[in-house]
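# I need the structure of the sequence given here:
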Amino acid sequence: MRAIEATRAGGPEVLELVERADPAPGPGQLLVRVAAAGINFIDTYRRSGVYPVPYPHAMGSEGAGTVVALGDGVDDVAVGDRVAWHEAPGSYAELAVVDAARALAVPADVADEVAAALPLQGLTAHYLARSTFPVSPGQDVLVHAGAGGVGLLLTQLAVAHGGRVISTVSTPAKEELARAAGASDVVRYTELDDVTRDLPRLVRGLTGGLGVHTVFDGVGRSTFDASLASLRPRGGLALFGGSSGQVPRVDPQRLNAAGSVYLTRPTLAHYVATREELTWRAGELFDAVVAGTLDVRVGATFPLAAAAEAHRALEGRATTGKVLLIP
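Numbering: from 1, shown residues only. I've put the predicted structure just below:
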């Protein structure tokens, strides 16, 4: 099979298309022919060395496809079934080995590309809006990178649960997408002289001087100070990523000074630790897609061999929604 590996820590140029022997499923595993593989910022962290991994590193962890073989002990999935997943190492490939306990059954009327686009970013948006800081009617919520894969889904979920969303984006085209997802107000941070100073002022102007109940921040270094300053007293900041870089260490007294606010650095693994929780979250997402109440935007697709180009587009903020590789 063909697959993508990172030969060493570095930029997109370290990604190479290689030929590897077809894998075989072990006990409790599935062998899946990959229809589409999801690209996520965590892939760039592993490629670059921000998250240390051994090299050469088999890239990717998310995708969707059709089961072609079963390992011993698998009795609730059949060859020919369509599944999606968010944590199968080496998913940038024509074939992937997926733990059956982590595989998600794909409804018949959900396309492969939509199924591949939903697991990691959809589950992330779900745990943030439903569990980390549950959004409820009347709350004001700030969503950074509102036209990104998580941002578009998170905005829709927050609005569906009664929240009012203020979104940040970089371009007029991305503003249109954020508004279409349900954002009531959109701030183009590229038009601000000083994000740390100006964004909190604008947010407070939109919230009667109070600030938002919750900030969902996957951008990190460049937005963190503004996020903290945009909260109302006893509000919550969920820092779930660092697409602009990792946030330096924080003095807990800053949370006191900001109004007894809450700060958490959540990660998906802790919110889908059991099969029951994983299937509950995925079930709500797939049900919403089938019902037409959740739109999953696939912003760009690339052939497998163009993985480096796809990473450049993602890191260069040239994409919206989900970015996929098509083997």
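# who's in contact with the closest residue to residue 161 other than its chain neighbours?
Closest residue to residue 161 apart from its sequence neighbours, by CB to CB, 6 or more residues apart in numbering: residue 135 at 4.5 Å. C-betas here are computed from N, CA, C, even on glycine. Residue 135 sits next to 129, 141, 157, 158, 161, 162, 163, 214 when contact means CB atoms under 8 Å, 6 or more residues apart in numbering.
# just residue 77 next, same as before
Listed by CB under 8 Å, 6+ apart, the contact set of residue 77 reads 30, 67, 70, 83, 100, 103, 105.
# So residue 100 sits against residue 74, correct?
Yes. Using CB atoms under 8 Å, residue 100 is in contact with residue 74, at 4.8 Å.
# Which neighbours do these two have in common?
With CB under 8 Å, 6+ apart, residue 100 and residue 74 have common neighbours 28, 29, 30.
# So which of those residues is surrounded by the most neighbours?
residue 30 (26 neighbours; other CB atoms under 10 Å).
# in stretch 275-292, what counts as buried?
Neighbour-count burial for stretch 275-292, with 16 or more other CB atoms under 10 Å as criterion, is recorded at 278, 281, 282, 284, 285, 286, 288, 289.
# now do stretch 8-16
For stretch 8-16, by 16+ other CB under 10 Å, it's 9, 12, 14, 15.
# out of those residues, who's nearest residue 267?
Set against residue 267, the nearest of the buried residues of stretch 8-16 by CB to CB is residue 9 (21.2 Å).
# Give me the contacts around the helix ranked longest in the chain.
Of all segments of type helix in the chain, defined using DSSP state H, the longest is helix 275-291. Helix 275-291 is contacted by residues 84, 101-102, 104, 106-107, 109-110, 114, 118-119, 122-123, 126-127, 130, 160, 271-272, 294, 296 when judged by CB under 8 Å, 6+ apart.
# in the stretch 201-327 of the chain, what spans have low per-residue confidence?
In the prediction, the stretch 201-327 of the chain carries no residues with pLDDT under 70.
# what about the helices in it?
224-229, 253-257, 275-291, 307-315 (DSSP state H, counting those that start in this stretch).
# now the contacts of residue 77 as TSV including pLDDT?
Below are the contacts of residue 77 laid out as TSV (pLDDT from 0 to 100):
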residue	pLDDT
30	98
67	98
70	98
83	98
100	98
103	98
105	98
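# Need the max-distance pair from those.
The widest separation within these (CB to CB) is 14.5 Å, between 70 and 105.
# So the residue lying closest to residue 214 once chain neighbours are set aside versus residue 167, what's the distance?
Once flanking residues are discounted, residue 214 sits nearest to residue 133: 4.4 Å by CB to CB, 6+ apart. Applying CB to CB, to the nearest Å, the value for residue 133 to residue 167 is 16 Å.
# Quick check: the residue nearest to the spatial centre of the chain vs residue 263, distance?
Closest residue to the average C-alpha location of the chain: residue 121 at 2.9 Å, with CA atoms, centre = their mean. To residue 263, residue 121 is 22 Å away according to CB to CB.
# so what's residue 8 up against?
Contacts of residue 8 (CB under 8 Å, 6+ apart): 14, 55, 56.
# JSON lines for those residues, including pLDDT?
As requested, the contacts of residue 8 are exported to JSON lines (pLDDT from 0 to 100):
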{"residue": "14", "pLDDT": "98"}
{"residue": "55", "pLDDT": "97"}
{"residue": "56", "pLDDT": "97"}
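# now those residues as JSON lines including distance to residue 5?
Shown next, in JSON lines, are the contacts of residue 8 (distance: CB to CB, whole Å):
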{"residue": "14", "distance to residue 5": "9"}
{"residue": "55", "distance to residue 5": "8"}
{"residue": "56", "distance to residue 5": "4"}
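# Cool, thanks, talk later.
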